[in-house]
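Trainee: Need coordinates for the below:
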Amino acid sequence: MVQNLTLKDCEGLEVKSNHPWDILVAVAGKALEIYEESKKTSTSARKKLQLPEEFTRAIQETAGGGRVSQVRLVIEKSLTISDVKPNQNRLLMPIRQISDEFLNEEEKNRIGGKDGEGRKIYMNVRIIEPSLQRGDSVRFGRWDMSKSNGKSPSSNYVINGNWMKIVNRNRLREEMVVQVWSFRIGEELCFALVKLP
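Mentor: As a prediction, this is how the structure comes out:
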């Protein structure tokens, strides 16, 4: 909830008594206060985030006069080595880091499932690349990855299929920061991949 709560954060903290429970309640209350404040800050910062104008134009051109809606920041992340490795050919987006809900219930159920032969189900999704190139679609799905230490699995959305073509064309490298935005043309889910300076 709150990372790196310091003694300085607890200066002037009013505690009923020196009993451990009273101290714990006071510190937990302070942690909750800091957490609520950070949520307000991150929400207002997220509201200030806007899709760059050139991507807004590219979306309108892609729509060809169709209705565009639900433009949302899905994730901002620093690319990892595995995100740009040719033998991996995928962009992982940890679900716990997703900024805004962008899938409808039918899509959530579909990509979380398997077909009659036990294979994961993917959606083909059009994507606008950092270079503003359009045309290739990617496969979009969900991977639940079990952990060897017995902890609960980590859940990730994944973009693959033509992912390495996008990496190579746009010279994406480890530690570059990218944003994945979602939008809809009519009911169709689409993505825009923005490379940050």
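Trainee: next helix or strand past whatever helix or strand Ile34 lives in?
Mentor: Here Ile34, judged by DSSP states H and E, is contained in helix 20-48. Of the helices and strands lying after helix 20-48 in sequence (DSSP H and E), the nearest is helix 53-63.
Trainee: can you pull the buried residues of that next one?
Mentor: For helix 53-63, the neighbour count (16 or more other Cβ atoms under 10 Å) marks Phe55, Thr56, Ala58, Ile59, Thr62, Ala63 as buried. To be clear about C-beta, it is placed using only N, CA and C from the backbone, and glycine gets the same treatment.
Trainee: now stretch 147-158
Mentor: Asn156, Tyr157, Val158.
Trainee: measure that stretch end to end?
Mentor: One end of stretch 147-158 sits 17 Å from the other (Cα to Cα, to the nearest Å).
Trainee: Distance from the chain centre to it, please.
Mentor: 16 Å (Cα atoms, centre = their mean, to the nearest Å).
Trainee: do stretch 124-132 as well
Mentor: 16 Å.
Trainee: For Ser152, see how far away Gly141 is.
Mentor: Shown here: Gly141 relative to Ser152, a distance of 19 Å by Cβ to Cβ, to the nearest Å.
Trainee: do the same with Met164
Mentor: 30 Å.
Trainee: tell me which of the buried residues of helix 53-63 is nearest to Met93?
Mentor: Within the buried residues of helix 53-63, the smallest distance to Met93 is 18.1 Å, found for Phe55 (Cβ to Cβ).
Trainee: Test my guess that that closest one contacts Ile128.
Mentor: Yes. Using Cβ atoms under 8 Å, Phe55 is in contact with Ile128, at 6.3 Å.
Trainee: residues shared between the contacts of those two?
Mentor: Residues touching both Phe55 and Ile128 (Cβ atoms under 8 Å, 6 or more residues apart in numbering): Ala192.
Trainee: ok now do Pro153, which residues does it touch?
Mentor: Asp144, Met145, Ser146, Lys147.
Trainee: burial measure for Arg67, as a count.
Mentor: 9 (other Cβ atoms under 10 Å).
Trainee: sorry, back to before: show me the contacts of Pro153 that map onto strands.
Mentor: Asp144, Met145 (DSSP state E).
Trainee: Same list, the contacts of Pro153, but as CSV with pLDDT and distance to Glu76 please.
Mentor: Output for these, formatted as CSV (pLDDT from 0 to 100; distance: Cβ to Cβ, whole Å):
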residue, pLDDT, distance to Glu76
Asp144, 84, 23
Met145, 79, 21
Ser146, 75, 27
Lys147, 70, 25
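Trainee: I'd like to know which of the contacts of Pro153 is nearest to Glu107.
Mentor: Asp144 (16.1 Å).
Trainee: quick one: the nearest residue in space to the closest one that is not next to it in sequence from Met123, how far?
Mentor: In space, and not counting its chain neighbours, Asp144 is closest to Pro153: 4.6 Å by Cβ to Cβ, 6 or more residues apart in numbering. Relative to Met123, Pro153 is positioned 21 Å away (Cβ to Cβ).
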